[in-house]
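>>> Have a look; sequence and predicted model below, questions after that.
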Amino acid sequence: MKLVIILLSVIIAMSISSLILNQLKECEKSDTGIEICYWKLSYRRKFIRTLWLIPIGIILVFCFHITFQSTIWTFLVAAGFTIMLLVQAMYNYKKWKTTTE
């Protein structure tokens, strides 16, 4: 039952994300000021936001370890965060450099 709820939540979140992405695909990208919506940011700003997530990820992994007291799960969560942040940072950096040239 829990798996069905999780899958349903993921499907709904991905659908909403896809709709928002399609709607905001043609909007002008912001490179100055405060912008809440991630899709409205330029690739340079997305890269900077990704770098800001690194200390937040470290704090979350630390809190996860304190809460669950499991070294294996903490390692898996830390590895997942690291891989996601590295891939996102590399992608945004590459797109930033190709769009500015």
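That came through, no problem. Numbering: from 1, shown residues only.
>>> So which residues make contact with stretch 13-20?
Outside stretch 13-20, the residues that touch it by Cβ atoms under 8 Å, 6 or more residues apart in numbering are W39. (Glycine included, C-beta is placed from N, CA and C.)
>>> go on, stretch 75-82?
Against stretch 75-82 from outside (Cβ under 8 Å, 6+ apart): 57, 60-61, 64.
>>> 7 Å - rerun?
Stretch 75-82 has contacts (Cβ atoms under 7 Å, 6 or more residues apart in numbering) with 57, 61, 64.
>>> Number of residues surrounding the nearest residue to the last one once chain neighbours are set aside?
Think F64. Sequence neighbours aside, V77 is the residue nearest to F64 in space, at 5.4 Å (criterion: Cβ to Cβ, 6 or more residues apart in numbering). Using other Cβ atoms under 10 Å, V77 has 17 other residues around it.
>>> list the buried ones in stretch 91-101?
Neighbour counts over stretch 91-101 (16 or more other Cβ atoms under 10 Å) mark 92-93, 96 as buried.
>>> as a whole number, average confidence for it?
Stretch 91-101 shows a mean pLDDT of 89.
>>> mind checking how far it is from the chain centre?
17 Å (Cα atoms, centre = their mean, to the nearest Å).
>>> next helix or strand past the one helix or strand in the chain whose mean pLDDT sits lowest?
Lowest mean confidence among the helices and strands of the chain (mean pLDDT, DSSP states H and E): helix 2-24, at a mean of 82. Once the chain leaves helix 2-24, the next helix or strand it forms, by DSSP states H and E, is helix 43-68.
>>> what helices or strands is that next one leaning on?
Here helix 43-68 touches helix 71-100, going by 3 or more Cβ pairs under 7 Å, 6 or more residues apart in numbering; DSSP states H and E.
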